[in-house]
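# I would like to see how this sequence folds:
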Amino acid sequence: MSSNKTVEKNILVIDDDITSLDLVSYIFEDRGYIVHRAADGTRALEKVKTLSPQLFIVDLMMPGINGIDTIREIRKLGFVSEPIIAFTAVDDTEMHDEATAAGASIVVTKPCPTELLVKKVKSLLDN
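Numbering: from 1, shown residues only. As a prediction, the model looks like this:
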């Protein structure tokens with residue numbers, strides 16, 4: 001790959017709430033990111049095997065495989081340095097600590113102002 005080639009920024013958004021999934025996806029698509037979507041942990045883990053996301057946004061409260069287990073599985077699949085944002089409506093320190101221990105880079109409580117979320121994603125991708 002030549003050094004002057006622009007690398008597309010791929011994000012995988014995982015959320016069982018379709019409204020939240022659509023909103024977060026739109027925010028980043030509108031800013032030029034390539035956004036892949038998964039409505040649950042199982043679908044996300046299937047997509048991870050065929051995509052190469054550079055960043056993950058994972059809702060913590062999902063049926064089936066919850067967000068914390070999804071984060072653990074993403075890390076086990078070899079995505080060890082890619083940033084993972086744990087995205088949750090639950091402002092619970094214990095849950096946030098568990099997400100971080102599972103491999104989340106940061107925890108963001110929703111609702112989160114759009115520009116703050118964009119700034120956090122940009123910062124994580126630039127590092």
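# what's the neighbour count on the residue lying closest to residue 84 once chain neighbours are set aside?
Of all residues not flanking residue 84 in the chain, residue 56 sits nearest, at 4.4 Å (C-beta to C-beta, 6 or more residues apart in numbering). For glycine as for every other residue, the C-beta is placed from the backbone atoms N, C-alpha and C. Residues lying near residue 56 (other C-beta atoms under 10 Å) number 28.
# just residue 93 next, same as before
There are 8 residues near residue 93, going by other C-beta under 10 Å.
# identify the residues contacting it.
Residue 93 makes no contacts at all, as judged by C-beta atoms under 8 Å, 6 or more residues apart in numbering.
# so residue 103 makes contact with residue 69?
No - contact criterion C-beta atoms under 8 Å: residue 103 and residue 69 do not qualify, at 10.7 Å.
# before we move on, back to that, helix, strand, or coil at the residue nearest to residue 84?
Under DSSP: H, G, I helix; E, B strand; the rest coil, residue 56 falls in the strand class.
# ok, now how distant is it from residue 49?
14 Å (C-beta to C-beta, to the nearest Å).
# where do the helices sit along the protein?
18-29, 41-50, 67-76, 93-102, 114-126 (DSSP state H).
# what's the angle between the first one and helix 114-126?
This means helix 18-29. Interaxial angle of helix 18-29 relative to helix 114-126 (axes from the mean of the first three to the mean of the last three C-alpha atoms, to 10 degrees): 60 degrees.
# residues of helix 18-29 that come out buried?
Residues of helix 18-29 classed as buried by neighbour count (16 or more other C-beta atoms under 10 Å): 20-21, 24-25, 27-28.
# contacting residues around that helix?
11, 13, 15, 35, 37, 39, 57, 59, 87, 110, 114, 117-118, 121.
# please report how far residue 83 lies from residue 63.
25 Å.
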